[in-house]
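K.L.:
just the structure for this:
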Amino acid sequence: MTTVDQTAPAQQWAPEPDLGTPAVQGTPPVRLTVDGRDVEVPAGTSVLRAAALAGVTVPKLCASDSLKAFGSCRMCLVEIEGARGVPASCTTPCTDGMVVATQTDQVRRLRRQVMELYLSDHPADCAGCARGNCEMQAMAVQVGAAEVRFGPGRTHLDPTAYDATNPYFDYDPSACIVCSRCVRACGEIQGTFALTVEGRGFDSRITPGGTDFLSSECVSCGACVQACPTSALQERSVVELGMPTRVVDTTCAYCGVGCSFRAEVQGEGPDTRVVRMVPSKSGGANEGHSCVKGRFAYGYASHADRQLHPMVRDSLEDPWQVVSWTEAIDRVAAGFRALQAEHGVGAIGGISSSRCTNEEVYVVQKLVRAAFGNNNVDTCARVCHSPTGYGLNQAFGTSAGTQDFASVEQADVVLLIGANPTDAHPVFASRLKRRLRTGARIIVADPRRIDLVHGPHVEAAHHLQVRPGTNVAFVNAMAHVVVTEGLADERFLRERCENVEGYLAFISRPEHSPEATEEITGIPAAELRAAARLYGSAGNAAIYYGLGVTEHSQGSTMVMGMANLAMVTGNLGREGVGVNPLRGQNNVQGSCDMGSFPHELPGYRHVSRDEVRGIYERLWGRTLDPRPGLRIPNMFDAALTGTFRGLYVQGEDIAQSDPNTQHVEAALRAMDLVVVQDLFLNETARFAHVFLPGTSFLEKDGTFTNAERRINRVRPVFAPRQGKDEWQITCDIGRAMGYDMGYAGAHEIMDEIAATTPTFAGVSFARLDAEGSMQWPVTEAAPHGTPTMHVGEFVRGKGNLVETVYVPTTERTTRRFPLVLTTGRILTQYNVGAQTRRTSNNTWHPEDVLEIHPADAEVRGIATGDLVELSSRVGRTTLRAEVSERMPAGVVYTTFHHPVTGANVVTTENSDWATNCPEYKVTAVQVEVANARGETDREAAARELAGRR
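P.N.:
Below you'll find the model as predicted:
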């Protein structure tokens with residue numbers, strides 16, 4: 001029976017309150033009177049916002065509390081005692097003792113006249129007005145504009161101007177009042193500047209750069225749609241379904257930004273339909289902004305490919321058979337018990353999902369440790385950010401980033417390494433671009449020329465095209481300049497760090513100078529010195545990084561190298577600084593927090609610690625193994641040697657996401673029992689014997705933890721379509737194996753997490769519902785959470801400066817494989833594409849392509865659009881080429897969102913020395929025009945999969 005926590009029930013739909021203009025902070029308070037009501041606000045607050053805070057509604061059309069005051073619509077006119085005229089309240093700052101009147105006869109008359117002018121150019125048969133989602137209609141009623149005495153305008157008379165090219169929203173200029181809210185949202189919030197106003201007077205119109213929306217630079221973030229006060233920009237879902245009737249607050253299930261959303265829905269129970277997803281202005285991570293994925297790409301939850309029934313088969317050649325939940329669970333439990341009886345307790349294991357909730361992940365590791373009786377549990381962080389956990393723990397004593405996202409607003413210099421936020425973390429990227437437009441400077445260290453190197457109103461101070469595989473040599477050279485040129489923070493080092501003298505002697509060696517490393521990194525020495533001086537002399541300098549740091553053979557070393565650089569310059573322990581990983585998946589931080597690594601229990605405590613195991617042994621009633629279990633790569637190797645025989649995979653497509661696909665597939669094929677729990681029959685399910693249908697984020701009850709350690713509630717919009725919560729499925733397996741976890745709801749799982757994990761001590765569903773979100777650690781000393789870590793002292797006491805010796809990767813280019821392949825993501829697709837490929841996001845990215853420099857393309861006779869063969873020492877695949885100067889000569893780039901391409905067919909098993917994180921970013925390859933030949937096994941499997949869909 002499904003249990004849905006009712007601590008925060010859905011509310012009747014209403015738009016979020018809008019106070020007209022943004023809040024002002026950091027100024028002394030002033031008192032004023034609005035329509036006889038006293039109100040106190042910070043000096044500089046607009047009269048419009050003060051009125052709203054006093055409970056007085058002032059009409060407005062161009063104003064929004066997410067945009068700077070504009071003062072164009074003239075609807076918010078007021079009278080101010082002692083002042084001349086009738087100023088716009090949105091652009092008038094409050095002063096102490098001000099007396100404001102918002103409803104005088106003169107003000108009402110002027111508003112009615114202004115509204116009549118707007119209505120004269122607004123269609124009488126406006127569909128938005130009929131639906132009730134046009135602010136014009138409500139405003140006309142409010143100001144009493146019962147008739148229009150002016151002649152009709154002209155902008156709505158051209159039906160050919162209607163733009164339906166975007167798959168998610170339409171532009172109807174007939175309903176547009178040219179208030180410019182959409183233009184300002186595109187610039188101020190998103191930072192794309194794709195929209196503009198053309199023409200004057202009645203000829204004025206909004207245009208996406210003189211073309212249609214699909215062809216323009218628009219990134220479909222939805223900010224313009226959300227800002228529009230009419231139905232000129234409108235979601236198609238609202239047009240098709242009508243307005244929502246209730247709202248559920250939840251959290252996006254895509255990247256590690258962790259945006260808060262209002263799921264606006266119609267209906268109850270099985271008839272529930274999502275009308276739209278609207279980013280919540282109260283969201284701590286996103287503050288009302290979103291990207292194309294979170295805002296629009298939720299349709300996969302109801303896609304026809306969704307599997308809603310358990311299925312089993314005896315062999316991989318047999319067809320799937322639908323069975324009951326009881327039969328499927330019994331098959332799993334009996335199979336796992338039999339394998340352990342024959343091959344030993346360590347013959348089985350589990351992989352948890354970074355797309356599942358903290359509660360769902362917690363019970364998976366509990367199942368493995370308490371029911372399986374071993375520590376053979378791992379998670380997808382193994383192949384992305386495990387070096388982050390190791391490196392930051394060694395340096396600072398905790399396995400997480402140091403700041404909240406808002407901290408970047410206080411940064412003077414940002415060092416961005418191996419990350420492409422505009423594609424992979426777009427909402428954070430918008431926040432970063434806003435800071436850059438107001439004066440901060442950015443250093444981009446990336447072999448690829450990402451958008452932040454040069455874009456609208458953004459220009460990198462330095463683009464350091466570091467050669468793939470040489471990150472450690474690069475960061476050592478940065479620190480060398482800081483130390484040898486007297487830019488180090490000696491007081492911080494003396495008071496806050498240990499191993500100082502040894503590290504300073506190490507980093508000062510001549511072999512770490514930019515001149516000595518230039519041949520290694522490919523970065524001109526003068527350019528690197530200038531960048532290091534900029535970072536080292538900044539008031540506040542922050543490091544943000546991504547998988548271009550961690551997915552290397554020296555990923556852990558590089559993380560410690562960045563920590564060294566931050567400590568040497570004293571850029572820790574306050575806002576605007578820090579070392580900040582941009583986590584890839586929505587709950588990759590949480591999956592690590594919950595003990596999903598084979599050597600750690602929840603809270604990053606080693607399994608060998610008797611006192612920590614004792615906590616769980618007393619609570620769980622089982623003796624726990626003090627020895628670390630198998631990592632994912634170890635599981636694969638053991639499967640091929642015959643000692644690892646069964647695997648429970650929760651929500652991870654390891655056959656597509658892990659390196660050296662042929663090796664992974666061989667390991668899966670060698671196992672006797674593979675259990676896949678997911679939404680769709682993915683690539684891994686081709687090797688499964690039992691398939692257990694999972695739940696989408698719209699059905700989950702629990703929490704996600706984002707890249708800034710922010711714990712957000714995930715609330716069910718409707719009950720699980722397949723009949724069970726995911727945590728219940730895991731618990732059912734445990735019960736069938738003789739271990740009953742016995743939770744009444746997801747809230748009880750969080751209560752257990754809080755009772756056993758010090759950093760989560762103050763967390764509960766009730767507190768999260770009351771406070772919105774909290775950043776761990778949430779403790780008695782920090783009852784509301786910790787936005788900034790390591791204030792005053794590090795978690796480990798003193799920061800640990802580690803000597804980071806550069807060791808070249810063993811993956812080298814050769815005459816046979818002369819190019820280096822590196823991989824990444826694109827804005828409109830996500831991870832292995834299981835979700836986004838089942839939405840209209842395919843409009844923008846229907847296939848993975850290979851970016852290749854013109855020089856490399858020319859010598860191979862390759863042009864854009866050509867089918868090329870990409871080969872490495874472990875495999876080959878075929879995809880289309882895109883000739884581009886974004887990559888330097890000698891380096892090629894592709895994404896990994898489509899299984900038909902299967903980019904990981906060519907990536908190798910080279911991995912980080914400390915964590916086994918695969919070296920996805922450095923693979924020696926060759927690229928050739930594809931010859932006519934028979935299809936590969938991989939292509940045949942992809943074709944078969946496409947046929948099943």
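
K.L.:
count of neighbours near residue 254?
P.N.:
Residues lying near residue 254 (other C-beta atoms under 10 Å) number 27. Just so you know, the C-beta spots here come from the backbone N, C-alpha and C atoms, and that holds for glycine as well.

K.L.:
correct me if wrong: it contacts residue 829.
P.N.:
No. If you go by C-beta atoms under 8 Å, residue 254 and residue 829 don't touch, sitting 10.2 Å apart.

K.L.:
how far does stretch 247-255 sit from its chain's centre?
P.N.:
On the basis of C-alpha atoms, centre = their mean, to the nearest Å, stretch 247-255 sits 11 Å off its chain's mean C-alpha point.

K.L.:
so, low pLDDT: which residues of the chain?
P.N.:
For the chain, applying pLDDT under 70 flags the ranges 1-10, 146-147, 150-160, 932-949.

K.L.:
longest helix of it, counting residues only.
P.N.:
Counting by DSSP state H, the longest helix found in the chain is helix 325-343.

K.L.:
show me what the helix or strand that comes right after that one is packed up against.
P.N.:
As assigned by DSSP states H and E, the chain's next helix or strand after helix 325-343 is strand 348-352. The elements that strand 348-352 packs onto, with contact taken as 3 or more C-beta pairs under 8 Å, 6 or more residues apart in numbering; DSSP states H and E, are helix 325-343, helix 358-366, strand 377-379, strand 646-650.

K.L.:
ok, which of those comes nearest residue 21?
P.N.:
Proximity to residue 21 (C-beta to C-beta) singles out helix 358-366 among the helices and strands packed on strand 348-352, at 37.1 Å.

K.L.:
angle of the closest one against strand 646-650?
P.N.:
Interaxial angle, helix 358-366 versus strand 646-650 (axes from the mean of the first three to the mean of the last three C-alpha atoms, to 10 degrees): 170 degrees.

K.L.:
stretch 624-638: how far from the chain's middle?
P.N.:
Here stretch 624-638 is found 29 Å from its chain centre; the criterion is C-alpha atoms, centre = their mean.

K.L.:
quick one: end-to-end distance for it.
P.N.:
End-to-end distance for stretch 624-638: 22 Å, by C-alpha to C-alpha, to the nearest Å.

K.L.:
what lies in contact with it?
P.N.:
Under the criterion C-beta atoms under 8 Å, 6 or more residues apart in numbering, residues 346, 349, 351, 368-370, 373-378, 382-383, 598-599, 607-608, 610, 613, 616-617, 644, 647, 654, 658, 663-664, 667, 909, 911, 916 lie in contact with stretch 624-638.

K.L.:
ChimeraX command for the buried members of the residues you listed?
P.N.:
Buried subset of the contacts of stretch 624-638, written as a ChimeraX selection, criterion 16 or more other C-beta atoms under 10 Å:
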select :346,349,351,368,369,370,373,374,375,376,377,378,382,383,598,599,607,613,616,644,647,654,658,663,664,667,909,911,916
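
K.L.:
related to what we said a few turns ago, redo the helices and strands packed on strand 348-352 as a markdown table? Include distance to residue 731.
P.N.:
Formatted as a markdown table, the helices and strands packed on strand 348-352 follow (distance: least, C-beta to C-beta, whole Å):
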| stretch | distance to residue 731 |
| --- | --- |
| helix 325-343 | 10 |
| helix 358-366 | 6 |
| strand 377-379 | 16 |
| strand 646-650 | 12 |
